[in-house]
Each structure stands twice: as C-alpha cells, then as structure tokens.
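Q: Quick one, fold the following:
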Amino acid sequence: MKELYAFFRYVGVGVVMLIFSLLSFYITLEVYQLPLYPTYIVTYFIAIFISYVLNSKFTFKKEQSKEDAFKYYLVYGLGMIIGISLLKLFSYLFDVSNFVLVLLILVPRTLITYILSRIFVFNNNLQNSTK
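A: Alright, predicted model coming up:
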C-alpha cells in the first residue's frame, strides 16, 4: 500500500510537470515564437530537473545527489525511447489519431519510468519513502 501512495505522488508530480511544460511551450513557442527544437530540448531538460527535485523530496523522500540526478536523466531518456517505440507499435496496431496514440502510451510509459526510477534512482527503503 505504501508503494501505491508513492506511485500516486509520482503521478501528482507528473501532472504538475505537464502543466509546467504546456505553459512553457505555449509561452515560448506561441507568444515569443522561439524555434521549436531548441525550445523543446531546453524545456525537456528543465522539466526533468524540476521533476527530479520534486520526486526526490515529495515522492521518495530521498536526498538529492549528482549521481542520482544523472541516473534520473538516463531513466527519462530511456523512457523517451520506450515512448517513441510504443508510439510506432501502437500506430501499426490501432487506426487512431496521433493525439490518441499519445494518450495510449501515457500509462505504460509512466509505469515503466516509475519502476525504473524506483529501482535505479530512488531505491531507498520503502518505510523511509512514506514518512
């Protein structure tokens, strides 16, 4: 049950980061009309950093370290690769819009990045993670 609460906190951080990312993309791309790819890359890395800080503090209750931050970036890089792979697979399996495809991969990608984050980055004792 404690792991389920940690997962819900992880999803909560994800929702906060989704709102941050959408606002950032709207302001930088629509208001300031900055170039797409550099803006996407910078926003992505900033969002991962903020997500790492929030997940360290609120989700897993673990002190931050450079080593863990590096592993977190690796996990999210792998999560991106998995997400793209699932998009390709689902586009062959389902005849739906691109937006629906993105919605279809949210749950499996979130579960995979949660599990990988839990194992490789925030692998401290579960009792410590829910105090």
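
Q: make it CA atoms for all contacts and neighbour counts henceforth
A: Fine.

Q: which stretches of the chain form strands?
A: Assigned strands in the chain: none (criterion: DSSP state E).

Q: Just checking, which helix or strand of it averages the lowest pLDDT?
A: helix 126-129 (a mean of 46; mean pLDDT, DSSP states H and E).

Q: Check the spacing between the residue of the chain most remote from its centre and Leu101 real quick.
A: What lies farthest from the middle of the chain is Asp95; by Cα atoms, centre = their mean that is 26.1 Å. Remark: distance between Asp95 and Leu101 (Cα to Cα, to the nearest Å) = 9 Å.

Q: what do you get for Tyr44?
A: For Tyr44, the distance to Leu101 - Cα to Cα - is 20 Å.

Q: Looking at these two, which is more packed in?
A: More neighbours surround Leu101 than the other of Tyr44 and Leu101, with 18 against 14 (other Cα atoms under 10 Å).

Q: per-residue pLDDT, the more buried one?
A: Per-residue pLDDT puts Leu101 at 83.

Q: Contact partners for it?
A: Counting by Cα atoms under 8 Å, 6 or more residues apart in numbering, Leu101 makes contact with 87, 90-91.

Q: just curious, which of the residues you listed is nearest to Gly14?
A: Leu87 (19.5 Å; Cα to Cα).
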